[in-house]
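coords please:
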Amino acid sequence: MANSKKQIMKKRLVFIDVMRGIAVLWMIETHVLNVFFASSLKHGAIYTLLGISNGFVAVAFIFCAGTGFWLAAMKKKDDYKHFNKPLFDYLRHLFFILIIAYLLHLPSQSFGGLFALPSSSWIVFFENDILQCIVYTSLFSLLVLMLMPKFHYLPWIFVFLTLFVFFASPFILSWDAMQVLPPFIGALFTGLPVSKFPMTPWSGYFFAGIATTTFFMNSENKHKIAWLYFAGGLALSFYFQYSKSWGVCYPEITNWWYGSPGHSAFRLSGTIVVFGLLFLLEKYLKKTSVGKMLQLSGQESLFLYVSHLLLVYNSSNLGINNFIGTGFGYLDTFLIFAGITLLCYFIAFHWHKLKIADLKKARLVIALSGLLLTIFYF
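Modelled structure (predicted):
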């Protein structure tokens, strides 16, 4: 029984890592398309299909963060509850991610430049992005876990939280939180143009990842529930997509594609389809070089996320657009996407090998890199 459980945990890691890998690699495509593709070509069937697929990228990334939370929580729940070392290791990990998240949003390329900025420019720093959303939702989920008396209630609590976030989202997004709360807190609950990923509805996908994974891993017949996720998610995706024309019951919703519970459910249903499908294909993915590449990409998703953002969006000399410009067609944009992906993957691959071979040396590299960036910034 114990060996069987270990095998299940291993299986879970492979197909979830593959799913996370697909999400982070397709995120590179999304950002490359946004920056380098010609505005005059942003129309037609191909671009529309790409736009719809890109809408699932961040959802899948946050959803997989929820599954990762479940994996860690089920291994270390007792340590978390008793305030043992794994709890503080996890909190330190979240704090590290949060530092990276806010450093990516510094409104100036130098320390001296910060003092010359008007207060309005600091809104960029407070923006709630994917990493901030994951960290804050992880902390909330950790609190729920530690307060929970019995773990068999876990999936139902997170189902409730998912539904609550989705249905409360239109009201929260229609509320001008930036006018009522301090900017640091208000940005968490404010949509565009302040935050691309406000806590509502995006934290709902994290909660859904926990609930979906808990039901799945607790099932005795995982192939059956995987087929149910695949077929049921596919049916619900079509239902929510076509039901958008039936009208909405929220006067706060002016655009179905932004903040609507139906749209959130549409994206979640499509993500669950991929979850079920990848489990069914897992044994084939493990044998292929593509599957192994996707698995490593999932394991190094944070590295790939940060490195490609620096290359695609950085306004300093690191930004590739400073060298090649923008306004490309489909073929050129694809080649840029392929080049950035291969470069980031190559570095991530060797970084992954270094961590396995010598973790102390890897930590030293992080410390030196942080020191060099600090010197450059000052």
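
Show me the chain divided up by domain.
Domains of the chain are assigned by automatic domain parsing as 1-54+287-378, 62-284.

Out of those, which is the most enclosed?
Ranked by mean neighbour count, those are led by domain 62-284 with a mean of 17 (mean count of other C-beta atoms under 10 Å). Bear in mind the C-beta positions are built from the backbone N, C-alpha and C, glycine included.

pLDDT averaged over it, what's the number?
The average pLDDT for domain 62-284 rounds to 87.

Off-centre distance for that domain?
Centroid separation between domain 62-284 and its chain, computed with C-alpha atoms, centre = their mean, to the nearest Å, is 8 Å.

and the end-to-end length of that domain?
Using C-alpha to C-alpha, to the nearest Å, one end of domain 62-284 lies 25 Å from the other.

got the phi/psi numbers for Phe37?
phi -80, psi 140 (degrees, to the nearest 10).

What's opposite it in the beta bridge?
Phe37 has the following beta-bridge partners by DSSP bridges: Phe328.

mind listing what it touches?
Each residue near Phe37 by C-beta atoms under 8 Å, 6 or more residues apart in numbering is listed here: Gly327, Phe328, Gly329, Tyr330, Thr333.

so which of those residues would you say is closest to Phe83?
Minimum distance to Phe83 across the contacts of Phe37 is 50.0 Å, recorded for Thr333 (C-beta to C-beta).

What residues does that closest one make contact with?
Val32, Leu33, Phe36, Phe37.

Mind doing that once more with 10 Å?
For Thr333, the contacting residues are Glu29, Val32, Leu33, Val35, Phe36, Phe37, Ala38, Leu41, Thr326, Gly327, by C-beta atoms under 10 Å, 6 or more residues apart in numbering.

Check the gap between the fifth one and His43 for me.
Yep, that's Phe36 we're talking about. Going from Phe36 to His43 by C-beta to C-beta, to the nearest Å gives 17 Å.

from the middle of its chain, how far away would the helix or strand in which Thr374 is found be?
Element membership of Thr374, judged by DSSP states H and E, is helix 359-377. A distance of 25 Å separates the centroid of the chain from that of helix 359-377, by C-alpha atoms, centre = their mean.

go on, stretch 286-305?
15 Å.

Sketch out the strands for the stretch 201-350 of the chain, chain order is fine.
In the stretch 201-350 of the chain, no strands are defined using DSSP state E, counting those that start in this stretch.

still on that earlier bit, quick one: average pLDDT of the helix holding Thr374?
Computed over helix 359-377, the average pLDDT equals 76.

pull the CA atoms of that helix into PDB?
The C-alpha coordinates for helix 359-377 follow below in PDB (Å, rounded to 0.1, in the frame of the first residue of the first chain):
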ATOM      1  CA  LEU A 359      22.700  22.600  -4.200                       C
ATOM      2  CA  LYS A 360      25.200  24.700  -2.200                       C
ATOM      3  CA  LYS A 361      26.800  25.900  -5.400                       C
ATOM      4  CA  ALA A 362      23.400  26.700  -6.900                       C
ATOM      5  CA  ARG A 363      22.500  28.800  -3.800                       C
ATOM      6  CA  LEU A 364      25.900  30.600  -4.100                       C
ATOM      7  CA  VAL A 365      25.000  31.400  -7.700                       C
ATOM      8  CA  ILE A 366      21.700  32.900  -6.600                       C
ATOM      9  CA  ALA A 367      23.500  35.000  -3.900                       C
ATOM     10  CA  LEU A 368      26.100  36.300  -6.300                       C
ATOM     11  CA  SER A 369      23.500  37.100  -9.000                       C
ATOM     12  CA  GLY A 370      21.500  39.000  -6.400                       C
ATOM     13  CA  LEU A 371      24.600  40.900  -5.400                       C
ATOM     14  CA  LEU A 372      25.400  41.800  -9.000                       C
ATOM     15  CA  LEU A 373      21.900  43.000  -9.700                       C
ATOM     16  CA  THR A 374      21.900  45.100  -6.500                       C
ATOM     17  CA  ILE A 375      25.200  46.700  -7.500                       C
ATOM     18  CA  PHE A 376      23.800  47.300 -11.000                       C
ATOM     19  CA  TYR A 377      20.600  48.800  -9.600                       C
END
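
ok, back up a step: same list (the contacts of Phe37) but as a markdown table, adding pLDDT and distance to His352.
Output for the contacts of Phe37, formatted as a markdown table (pLDDT from 0 to 100; distance: C-beta to C-beta, whole Å):
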| residue | pLDDT | distance to His352 |
| --- | --- | --- |
| Gly327 | 85 | 35 |
| Phe328 | 89 | 31 |
| Gly329 | 90 | 34 |
| Tyr330 | 91 | 32 |
| Thr333 | 92 | 28 |
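
Tell me which two of those residues sit farthest apart.
Top of the distance list for these (C-beta to C-beta): Gly327 and Tyr330, 12.4 Å.
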